[in-house]
Structures are given as C-alpha cells and as structure tokens.
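In: what follows is a predicted structure for the sequence shown.
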Amino acid sequence: MSLIERISQVEQQVSEACRRSGRNRDEVNVVAVTKYVSAAKAAAVLDQGIQHIGENRWQTAEEKWRALGERGVWHFIGHLQTNKVKDVIGKFQYIHSLDRLSLANELEKKAAALNIRVSAFMQVNISGEATKHGLQPEQAADFLREIERFKHLNVIGLMTMAPFESSPEDTRPVFRGLRQLRDELNARAFTPEPMTELSMGMSNDFEVAIEEGATWVRLGSILVGKEED
Ligand SMILES: *Cc1c(COP(=O)(O)O)cnc(C)c1O
C-alpha cells in the first residue's frame, strides 16, 4: 500500500471508531510515528498534511528534526533520559513519557531557562507489566501534587502503552483504566486545570483506544510504514 492509501485507510478506521463510540472525529489527534523511516519519508508524511510527528529517541529523531523541525509539531513519545532533556527541550512541543520526578525537575529547569512551557502526559503503567515504563496508578496523585509548583510544565493528560495482544479487544481494560484514572484525578483537582488528554493506542490497538476515549493515537507501522514500504 502507498502512503496515501495507508493514510486514507487509517482515517476511515479512526472515523468509524469515533462513530461507534459516539465521539466527534475532531476529538482524536493522530501522531505519525516516524521512528522507522528516514527524513525523506517523514517529509512525505508532512506533505500529506499530517502535522503531528512522533519520535521515541533523540538519536533517531535528530536528523529528521534538523531537516523538518519547522514544518511539524513534534512529540517525544519514548522513554526520556534526564541527560537528553537538553537535546529535546524547545524542539518537541509534547512529551508523552513524563514518568518520574527527576525528569519533571529537569524539564522544569530547562523550560524555565528558555522561558517556555512544555506540554506533558504523565505516563502510567496501567497493565503492570514489568517491562513497561510509567508510574504505578497509585503513585499518580502524589506525583501531580509534587509537580504542581512547576510553572513551565503543563500536564495535559495521561499516557499508557498496552501490552501487545493478538486480539486487540483484550487491551480494552488498560485503556479504560487510564481514562478512569484521569477522571478520578480530575475529580480530586490535582492539576490547576482538568487534564483533558489521553495518549493511548498504537497500530495494533488504536481503534479500541479511541472507543475508550483516546485523544491522541500514536501510529507508526500502520500509517507511516517502514523505510522499505
Ligand atoms: C513505536 C511507538 C509507537 C508506534 O508503534 P506502532 O505499533 O508501529 O504504531 C507508539 N508509541 C510509542 C511509545 C512507540 O515507541
């Protein structure tokens, strides 16, 4: 399939998942994950009118960002080492992997130095898999309380990764759990503004994630494909 065909097929799947769950199509944003492809392929994605670009490591993002940084809105979606914050700050408007206090401290410090505000998703390990990053759900409230004083770090929502399931339906409890956690935290008002966003759903499971309230889906293989596609 060509890139244009993949984009149109994904668009149809997103629209149908919205319709099934009574949501408006414009509640769901698509981040095109370009980590598997070159700058030329990432440029082709932007040429098709996709604005949001996701990368999971600065090392694989750097060349693409240097070529295309001005053209898109950049999302850092992978585990972020504290010593890499200096590389991504001011370049990636969204950080999807805020998962510990030391990282929040460093983001706050570097964003303050640039006099910018960074939008972040608090990553939560809903599935409890040992291999997944993220705060435990029961740590989330304390974490938000700790970082409330950080004026350059704006926690707009929660992010999670579901385990890979051969039947995507099996991921539903994970996505539902993230939405319920967000709603509970909002009810207890741990952030100055309610958290509106949920970053959840990848190629294998984004339709279920949308049905459970995703506002950002992060799509690599199904949308961007691989370099050889
Ligand atoms: C790679 C990656 C994605 C996209 O994965 P696909 O399954 O190819 O859609 C989404 N989120 C994160 C955090 C990733 O690292």
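Out: Good, I have the coordinates. A quick note: this is a predicted structure, and the numbers were derived from the prediction, not measured. Numbers count the residues shown, from 1 in each chain.

In: which parts of the chain sit against the ligand?
Out: 33, 35, 56, 77-78, 161, 202-204, 218-222 (C-beta under 6 Å from any ligand atom). No exception for glycine: its C-beta is placed from N, CA and C like everyone else's.

In: so which of the residues you listed is the most crowded?
Out: Greatest neighbour count in these, by other C-beta atoms under 10 Å, goes to residue 77: 28 neighbours.

In: so where do the strands sit in this protein?
Out: Applying DSSP state E to the chain gives strands spanning 29-33, 52-55, 73-76, 94-98, 118-123, 153-159, 197-199, 216-219.

In: save these as CSV, and put in mean pLDDT and distance to residue 6 too.
Out: Below are the strands of the chain laid out as CSV (pLDDT from 0 to 100; distance: least, C-beta to C-beta, whole Å):
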stretch, mean pLDDT, distance to residue 6
strand 29-33, 98, 10
strand 52-55, 98, 16
strand 73-76, 98, 19
strand 94-98, 98, 22
strand 118-123, 98, 25
strand 153-159, 97, 24
strand 197-199, 98, 21
strand 216-219, 98, 9
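
In: now those as CSV including distance to residue 137?
Out: Listed next are the strands of the chain as CSV, based on distance: least, C-beta to C-beta, whole Å:
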stretch, distance to residue 137
strand 29-33, 23
strand 52-55, 24
strand 73-76, 23
strand 94-98, 15
strand 118-123, 11
strand 153-159, 10
strand 197-199, 14
strand 216-219, 19
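
In: which pair of the residues of the chain next to the ligand spans the longest distance?
Out: Maximum pairwise distance in the residues of the chain next to the ligand, criterion C-beta to C-beta, is 18.2 Å, between 78 and 222.

In: pick out the residue of this protein closest to the ligand.
Out: Distances between the chain and the ligand by C-beta to the nearest ligand atom are smallest at residue 220, namely 2.7 Å.

In: so who does that residue touch?
Out: Contacts of residue 220 were listed using C-beta atoms under 8 Å, 6 or more residues apart in numbering, and they are 32, 33, 34, 35, 36, 54, 202, 203.

In: mind putting those in TSV, distance to residue 104 included?
Out: Below are the contacts of residue 220 laid out as TSV (distance: C-beta to C-beta, whole Å):
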residue	distance to residue 104
32	27
33	24
34	26
35	24
36	29
54	21
202	25
203	29
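
In: let me know the closest of those residues to residue 185.
Out: Of all the contacts of residue 220, residue 202 has the smallest distance to residue 185: 23.3 Å, by C-beta to C-beta.

In: you'd agree that closest one is up against residue 216?
Out: No: taking contacts as C-beta atoms under 8 Å, residue 202 lies outside contact range of residue 216: 11.1 Å.

In: measure the closest residue to residue 102 other than its chain neighbours to residue 108 for me?
Out: In space, and not counting its chain neighbours, residue 102 is closest to residue 82: 5.5 Å by C-beta to C-beta, 6 or more residues apart in numbering. Separation of residue 82 from residue 108 (C-beta to C-beta, to the nearest Å): 12 Å.

In: looking at these two, which is more packed in?
Out: Shown here are residue 82 and residue 108; by other C-beta under 10 Å, residue 108 has more neighbours (18 against 13).

In: quick one: pLDDT of the more buried one?
Out: Note on residue 108: pLDDT of 98.

In: shouldn't it be in contact with residue 148?
Out: No: the criterion here is C-beta under 8 Å, and residue 108 misses it with residue 148 at 11.2 Å.

In: now do the contacts for the nearest residue to residue 112 once chain neighbours are set aside.
Out: Closest residue to residue 112 apart from its sequence neighbours, by C-beta to C-beta, 6+ apart: residue 152 at 4.8 Å. Taking C-beta under 8 Å, 6+ apart as the contact definition, residue 152 lies against 107, 108, 111, 112, 116, 117, 118.
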